[in-house]
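In: Give me the fold of what follows.
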Amino acid sequence: MANGVEIRGKAIRVYFRFEGDLCKEPFPGEPTPGNIERAERQAAIIRHEIKAGTFVYARWFPESVRVKSGTFSHWLDLFLDIKRNELAPSAIRSHESRIKNHIRPQWGERQAESIDYLEMQAWVQKTLMPKLHSKTVREVVALTRQVFQLYRTKNQAAYDPTEGIVIRQPDAEDPDPFTREEIDAILAAESPDRQQELNLVKFMIWTGPRVSEAIALAWEDVDLETGEVTFKRARVRSAYKVTKTRRSTRKLKLLKPALEALRDQEKRTTDMPKVEIAVTDRDNRTIRKQQVRFVFHNSHTNGAYSTSDNLRNGWWLQHLKRAGVRHRGPNHCRHTFASQMLTSCAVPIDWIAAQMGHTSTAMILRHYGNWINQDATDMTSIIEQRLGL
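Out: Sure, this is the predicted structure:
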């Protein structure tokens, strides 16, 4: 049989080598002399296009299994299947959202090999940048790049069109902690039937946990006699998981205001019945059941908070207005703890990092801590006294 054509029963197939693989695709019609001649011409044209670098598989064989497995949607699905065994459910939901809303509508039906750098750059500049924050654009591009990296494990000669695309980020905003005056206003403002929330805020300001760690704190993690708590889990997007890092699992000695908040909570929630929760371990596969009594509850539902969004939108925003305090999210209680400790001049930064579950003191200074001038002691007098000036 002529080069590039084979007969199988009553079927004709053309064959050729493409990207190192021997490809065989059906040719329509029975193996009559005329059809065989046309198939030979098609095979010759395909070989010529492959040699010239102009061959597009989907144009010749749109229904081919190879074409369907070459669409970017196919590689997006494969990427997500792999990541589901590696990442936490919250991270997977974030990936799925980015892919569904931004990546798949643009590139899903395209053959991965056909997407080039200029198209990718135009998509970033004209579609993503005008409507999304730079951080989100960066995350979307990073996801797209990971999918191309996966695609290149199968097609090693393929080009990554995201290579060279850089998303500039604005300078990070300085930490914006609450001052002592604002703390007093927040804790003193009237909030009928919301003492549990006030206790939660007081505890967070003077202990410095992530909001996700505070709402997941259970009485089984608290020792009121010694004044200690252990942070060992977090509530992230309505799911329980172990703390963010091994360092984040930590046992802390509480400051007096935080201990006062827990002692007030003791009469409110220690007698609540235990609930069973499923906690995902750090491998994102192992799930352990725990029987716990949560320390802080939503005063209106009498159940534990499922997300920090519920706290912020359900009570926090309105409470700040009542207190006359400029809006910041409840996560700024963590910033406030770090900043108040730094401003006191008496607390080693290594201790602050340990309390907050970090190994890097630079992280405290860069992301959490800020000098609060109006709460600081008179440093000039202290320096003059120590230097004998």
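In: Using the record's assignment, carve this structure into domains.
Out: The chain breaks down into these structural domains: 5-66, 71-154, 183-323 (assignment by automatic domain parsing).
In: Quick one: those as TSV, columns for mean neighbour count and mean pLDDT too.
Out: All C-beta atoms are positioned from the backbone trio N, CA, C, and that covers glycine. Output for these, formatted as TSV (neighbours: other CB atoms under 10 Å; pLDDT from 0 to 100):
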stretch	mean neighbour count	mean pLDDT
domain 5-66	14	87
domain 71-154	16	92
domain 183-323	17	93
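In: Which one of the ones you listed lies nearest to P348?
Out: For P348, the closest of the domains of the chain is domain 183-323, at 14.4 Å, according to CB to CB.
In: next one: that closest one to chain centre, how far?
Out: Here domain 183-323 is found 22 Å from its chain centre; the criterion is CA atoms, centre = their mean, to the nearest Å.
In: Next, the distance between the ends of it.
Out: Domain 183-323 has an end-to-end distance of 10 Å (CA to CA, to the nearest Å).
In: Pull the contacting residues for the residue nearest the centre of the chain.
Out: Nearest to the geometric centre of the chain sits A91, at 4.9 Å (CA atoms, centre = their mean). By CB atoms under 8 Å, 6 or more residues apart in numbering, the contact list for A91 reads K83.
In: quick one on the thing from earlier: reformat the domains of the chain as a markdown table; add distance to D174.
Out: A markdown table is the format used below for the domains of the chain (distance: least, CB to CB, whole Å):
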| stretch | distance to D174 |
| --- | --- |
| domain 5-66 | 51 |
| domain 71-154 | 17 |
| domain 183-323 | 18 |
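In: out of these, which comes closest to E163?
Out: Closest among those, using CB to CB: domain 71-154, at 7.3 Å.
In: that older thread, regarding the residue nearest to the centre of the chain, which helix or strand does it belong to?
Out: Taking DSSP states H and E as the definition, A91 sits inside helix 89-98.
In: my guess is L311 meets Q196, correct?
Out: No. Here L311 does not reach Q196: they are 10.7 Å apart, not a contact under CB atoms under 8 Å.
In: Identify the contacts common to the two.
Out: N298.
In: so what's R38 up against?
Out: R38 touches F27, counting by CB under 8 Å, 6+ apart.
In: Relative to A354, which of the domains of the chain is closest?
Out: Going by CB to CB, the one of these nearest A354 is domain 183-323, 7.0 Å.
In: ok so, going back, following element in sequence after the helix holding A91, please.
Out: Next along the chain after helix 89-98, taking DSSP H and E as the criterion, comes helix 104-107.
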